[in-house]
Structure formats: C-alpha cells, structure tokens
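*Asks:* dropping a prediction and its sequence here:
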Amino acid sequence: MMKALAFLLLIVAVVSTPSEAKLSVLQPQPARDFNISHVQNAASCTYTVEISTSCSSTKYTRDQISISFGDAYGNQIYAPRLDDPSSRTFESCSTDTFDIYGPCAYQICYVYLYRTGPDGWKPESVKIYSHNSRAVSFYYNTFIPSDVWYGFNLCQNASSSHRQSAHGWFIYLLVGLLVSLSLL
C-alpha cells in the first residue's frame, strides 16, 4: 500500500513540476523605461565585448552605435560611441572587439544597442566577457531600429527559472524521501 502511494506521489511530482526546457527563440525588443542616467562613474572592471556584424548588413555604416549592459543588481556599463568609420568598424561579415571599462557587475543579464544615423546596421551577436562572471552571448540577427535602445533583458527570466528549478528539486527530494521511507 505504501509503495503504491509513493509511486502515485512520484507521478504527481513529475507531472506537476514545471519544465525548464521550454522551446522559445528570444528576439531583441525595444527597451521600455530604460534610463542611461543610472550609470555609475566607477570604472574598476574591464569588459571585453565582441560584436559581430551580419553578412546581410549594409557593407559599412556611418551610424553612431552605443551599448549598455549590466546585471540584475543595477550595475550598468555604458559606452556612448563604439563606431569609428575611419577604422572600418561594423562592416558586414566582421567582428569588432572593444575593451569597455565600468563598474564591476555580477552575471551580465541584459544588453541594449542604440543606433542613430541614415545607413542602418544589422548585428549578428554580442558577446561579453568579464573576470567576475561567465561569458554571455546575445543573438540579434536583425536590423537595429534608429533612435531606440534595442536588445535583451534576461534578468527577470533568470530569477524565475531559478525559482522553478528550486521548486522542482524540492518536490523530487520530498518524493524520494517518501519512497525510501516506504521501503523500510
């Protein structure tokens, strides 16, 4: 009887545990309520940022390109002008690397690009490396609209998936305990 009850509880736990492997393709979005004025002036950490321009982008761009990224704790890094037409920055099928200085952040979970100008520009991806956290990649593969911060904010998604994961493991632990007790 106890084994049947434990087995039934195991099935309920498996069925009711939220799945972490959700198939979805994240697309960049315009930033809502994004404010650059929150940038701290401390420049004690270095970030290496690799931006790959899509082969389907314009051959070159004269547009002004800026970037801002940060963590879930309000640490924001901002570079106001990455573009330099004289150095052939952001040409199609190219990867440009920048060393950006800013406040030390924990795990980077958002990035926004800002473009202003007449040419248009289509980044393929943005990769951010830091000594304080693991490297993170954001895949754009779309033209950046003019005069709007455009990108990804995965900060909230990361914390909610962590809560789901913790809930799932707790259920498995509880069911395992019940099963082991019923076998005694």
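*Replies:* Perfect, I can see it now. Keep in mind the model is a prediction, meaning the values are calculated, not measured.

*Asks:* just the helices from the protein, written as ranges.
*Replies:* Per DSSP state H, the chain carries helices over the ranges 2-16, 155-183.

*Asks:* and these, which one is worst for confidence?
*Replies:* Between those, the lowest average pLDDT goes to helix 2-16, which shows a mean of 44.

*Asks:* per-residue confidence at the nearest residue to Ser68 once chain neighbours are set aside?
*Replies:* Counting by CB to CB, 6 or more residues apart in numbering, Tyr78 is the residue found nearest to Ser68 once chain neighbours are left out, at 4.6 Å. C-betas here are computed from N, CA, C, even on glycine. According to the model's per-residue confidence, Tyr78 sits at a pLDDT of 94.

*Asks:* swap in His131?
*Replies:* The predicted local confidence for His131 is 84.

*Asks:* distance check, it against Ser56.
*Replies:* According to CB to CB, to the nearest Å, His131 stands 34 Å off from Ser56.

*Asks:* neighbour-wise, which of the two wins?
*Replies:* Higher neighbour count among His131 and Ser56: Ser56, with 12 against 9, using other CB atoms under 10 Å.

*Asks:* where along the chain do the strands fall?
*Replies:* Per DSSP state E, the chain has strands spanning 29-30, 45-53, 64-70, 76-79, 95-102, 110-116, 123-130, 136-139, 150-153. These are given in chain order.

*Asks:* how about low-confidence regions in the chain?
*Replies:* Applying pLDDT under 70 to the chain flags the ranges 1-25, 37-43, 157-184.

*Asks:* kindly recompute the last result at 80.
*Replies:* Screening the chain residue by residue with the criterion pLDDT under 80, one finds the ranges 1-25, 32-43, 85-86, 132, 156-184.

*Asks:* can you tell me how far Val136 is from Ala79?
*Replies:* For Val136, the distance to Ala79 equals 16 Å [CB to CB].

*Asks:* number of nearby residues for the residue nearest to Pro30 when sequence neighbours are not counted?
*Replies:* With CB to CB, 6+ apart as the measure, Val148 is the residue that lies nearest to Pro30, at 5.0 Å, once sequence neighbours are left out. One way to gauge burial is a neighbour count; for Val148, by other CB under 10 Å, it gives 14.

*Asks:* the residue nearest to Ser68: what's it in contact with?
*Replies:* Each residue near Tyr78 by CB atoms under 8 Å, 6 or more residues apart in numbering is listed here: 36, 39, 66-68, 102.

*Asks:* list only those of those residues flagged as buried.
*Replies:* Buried residues within the contacts of Tyr78, counting neighbours by 16 or more other CB atoms under 10 Å: 39, 66-68, 102.

*Asks:* just checking, Val136 touches Tyr106?
*Replies:* No: using CB atoms under 8 Å, Val136 is not in contact with Tyr106; the gap is 11.4 Å.
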